[in-house]
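The following comprises the amino acid sequence and a computationally predicted model.
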Amino acid sequence: MKNVVIIGNGIAGVTAARHIRKKSNHKITIISAETDYFFSRTALMYIFMGHMKFEHTQPYENWFWKKNRIELVKAYVDSVNTDAKELVLDNGTSLNYDDLIIATGSKPNKFGWPGQDLKAVTGMYSKQDLDTITHYSKDCHRAVIVGGGLIGIEMAEMLVSKNIPVTFLVRETSFWNKVLPAEESEMINRHIKEHHIDLRLDTNLVEILSDENGRAKAVVTDKGETIACNLVGLTAGVSPNVSFLKDSGIDLDRGVLVNRQLETNIPNVYAIGDCAQQHQAIGERRAIEAVWYTGRMMGETVARTICGKPSEYQPGQWFNSAKFLDIEYQTYGWVWAKPRENEARFYWEHKDGKKCIHINYDKDSKEFIGINTFGIRMRHQKFDQWLHEKQSVHHVLEHLKDANFDPEFYAQHEDEILAKFNLENGTDLKAKKKSWKRIFA
Ligand SMILES: Cc1cc2nc3c(=O)[nH]c(=O)nc-3n(C[C@H](O)[C@H](O)[C@H](O)COP(=O)(O)OP(=O)(O)OC[C@H]3O[C@@H](n4cnc5c(N)ncnc54)[C@H](O)[C@@H]3O)c2cc1C
């Protein structure tokens, strides 16, 4: 029986613990500083908006941990001594391990802006951040959000839901245009403005000004403007939470460096989730993948290794999903902001300007490479299958209705999509009848 210690009770650490318990009798301890119990970080916004209570975001009942012999320690790990296999906690105690899993997630980026540590200046990552936003939103006359990514737009939606005027500073010339193609990015620009959010593209934060009590009172932008506000959200990306490891001898870059088996350079020390960085990115994926499902997959993988079945992290086809205010977004495979040399694109947008699909495929072979869908919900399993089978764009378009989650959508738009593709490409594709058998199989 080994003594396994996990730092971090997010999706990665908790998945590792659950799977180690399923497979073994090892002693398991999870140490985390943020909350007593695991909660779903992705649901933080819904607590603020009143759709859920914090308790509802906890996937397991509080008795679950004791019943499954997973010991929970609420503390911050100040340092790791890998020679002595010992952790030093901020409560003055220390803890030994045989196997250590680092699953410490991310922290919001701060780029040294003057005023970034003032009161009412906060990221939107932790339960504590949520508490800060809740507190300072009570008397907020205007909020400024800095950084136009997925978390920034969530924070904007949260504040707008409480009728707080929001100014959104986005460094790029169009929303999230390093990731989204121009068409989708512009659709989201329009949608943000429709929600009466004051979107300032191509605008950087220079400084946050303080009132006499040390609370933010305004931001200054690189356009020379001073915007009065008394809540500032810093949502300019996240980076791995690894600074406490700097003297540990564990190899770090931006994150904790790991191989495909999620092992660090130190025997019996592993890293998973947002804080892990692959030495060599896997295929087209990023070396650090700060998404929920990859944390879960890494947790399962490391559990197998620790329980005697050394396994490689195999993330499969890339997918992701998010919500931009009222517009749901899904992506499967690869649709880069700009097509590569060998790639062609097909774009269809509904006349309401809130639904679109964007397909990326190989110009010569016609192999399907990826799809973005906005405002339309598609079936993950279908796209995963088509990517795996290396299907052609023609096959995907002819069978698109098999991937459709929302038959009403296709009743209205299927012909239009195919007609547009046929017109642009001189093809004569015909929609194949929906295969219910395949959908329910
Ligand atoms: C607002 C928001 C919305 C999101 N929405 C989505 C989404 O829709 N889809 C998606 O795929 N992803 C989403 N993400 C990203 C996703 O939540 C993360 O990828 C995921 O939570 C990372 O899990 P993790 O287990 O690696 O780390 P975390 O969830 O960050 O957990 C790590 C834990 O370790 C603790 N810790 C850190 N250092 C120490 C230390 N030294 N000692 C003790 N404890 C420590 C931290 O306090 C934290 O509790 C969202 C993130 C945020 C912030």
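Nice, thanks for sending it over.

For stretch 134-152, list every residue counted as buried.
136-137, 140, 142-152 (16 or more other C-beta atoms under 10 Å). C-beta here means a position set from N, CA and C on the backbone, and glycine is covered the same way.

Show only the entries of those residues found in helices.
Among the buried residues of stretch 134-152, the subset assigned to helices under DSSP state H consists of 136, 137, 150, 151, 152.

As CSV, those residues with distance to residue 399 and pLDDT would be great.
Below are these laid out as CSV (distance: C-beta to C-beta, whole Å; pLDDT from 0 to 100):
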residue, distance to residue 399, pLDDT
136, 50, 98
137, 47, 98
150, 30, 96
151, 35, 97
152, 36, 98
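
Those: which two are farthest apart?
In terms of C-beta to C-beta, those reach their longest pairwise distance at 136 and 150, which sit 21.9 Å apart.

Wasn't residue 101 part of a strand?
Yes. Checked against DSSP: H, G, I helix; E, B strand; the rest coil, residue 101 lies within a strand.

Which residue, other than its chain neighbours, is closest to it?
Distance criterion C-beta to C-beta, 6 or more residues apart in numbering; nearest residue to residue 101, sequence neighbours excluded, is residue 6 at 4.4 Å.

and the one you found, what pLDDT?
Note for residue 6: predicted pLDDT of 99.

residue nearest the centroid of this protein?
residue 291 (3.7 Å; C-alpha atoms, centre = their mean).

distance of that residue from the ligand?
Residue 291 sits at a distance of 4 Å from the ligand (criterion: C-beta to the nearest ligand atom, to the nearest Å).

That residue and residue 320 touch, don't they?
Yes. The criterion here is C-beta atoms under 8 Å, and residue 291 meets it with residue 320 at 6.1 Å.

how about the residues of the stretch 101-250 of the chain near the ligand?
Contact residues (C-beta under 6 Å from any ligand atom) of the stretch 101-250 of the chain with the ligand: 103, 104, 105, 106, 124, 125, 151, 154, 241, 244.

Got phi/psi on the first one?
Pointing back at residue 103 there. For residue 103, the backbone dihedrals are phi -140, psi 60 (criterion: degrees, to the nearest 10).

Then the last one?
The phi/psi pair for residue 244 (degrees, to the nearest 10) reads phi -70, psi -10.

Could you report the neighbour count for it?
Other residues lying near residue 244 total 18 when counted by other C-beta atoms under 10 Å.

Would you mind measuring the gap between the ends of stretch 374-381?
Taking C-alpha to C-alpha, to the nearest Å, the span from the opening residue of stretch 374-381 to its closing residue is 18 Å.

same question, stretch 53-73
First-to-last residue span, stretch 53-73, C-alpha to C-alpha: 24 Å.

Can you mark which positions in that stretch are buried?
In terms of neighbour count (16+ other C-beta under 10 Å), stretch 53-73 has its buried residues at 57, 58, 65, 70, 72, 73.

Equivalent analysis for stretch 230-237, please.
Of the residues in stretch 230-237, those scored as buried under the neighbour-count criterion (16+ other C-beta under 10 Å) are 230, 231, 232, 233, 234, 235, 236.

got it, and stretch 333-351?
333, 334, 335, 336, 343, 344, 345, 346, 347, 348, 349, 350.

Please state the offset of it from the chain centre?
A distance of 22 Å separates the centroid of the chain from that of stretch 333-351, by C-alpha atoms, centre = their mean, to the nearest Å.

what's the answer for stretch 312-327, then?
Here stretch 312-327 shows a centroid-to-chain-centroid distance of 8 Å under the convention C-alpha atoms, centre = their mean.

at contact distance from the ligand, anything in that stretch?
Yes. Stretch 312-327 is in contact with the ligand by C-beta under 6 Å from any ligand atom, via residue 322.

returning to what we had before: mind putting the buried residues of stretch 333-351 into a markdown table with pLDDT and distance to the ligand?
Formatted as a markdown table, the entries for the buried residues of stretch 333-351 read as follows, by pLDDT from 0 to 100; distance: C-beta to the nearest ligand atom, whole Å:
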| residue | pLDDT | distance to the ligand |
| --- | --- | --- |
| 333 | 98 | 16 |
| 334 | 98 | 17 |
| 335 | 98 | 17 |
| 336 | 98 | 19 |
| 343 | 98 | 25 |
| 344 | 98 | 29 |
| 345 | 98 | 25 |
| 346 | 98 | 26 |
| 347 | 98 | 24 |
| 348 | 97 | 25 |
| 349 | 97 | 24 |
| 350 | 94 | 24 |
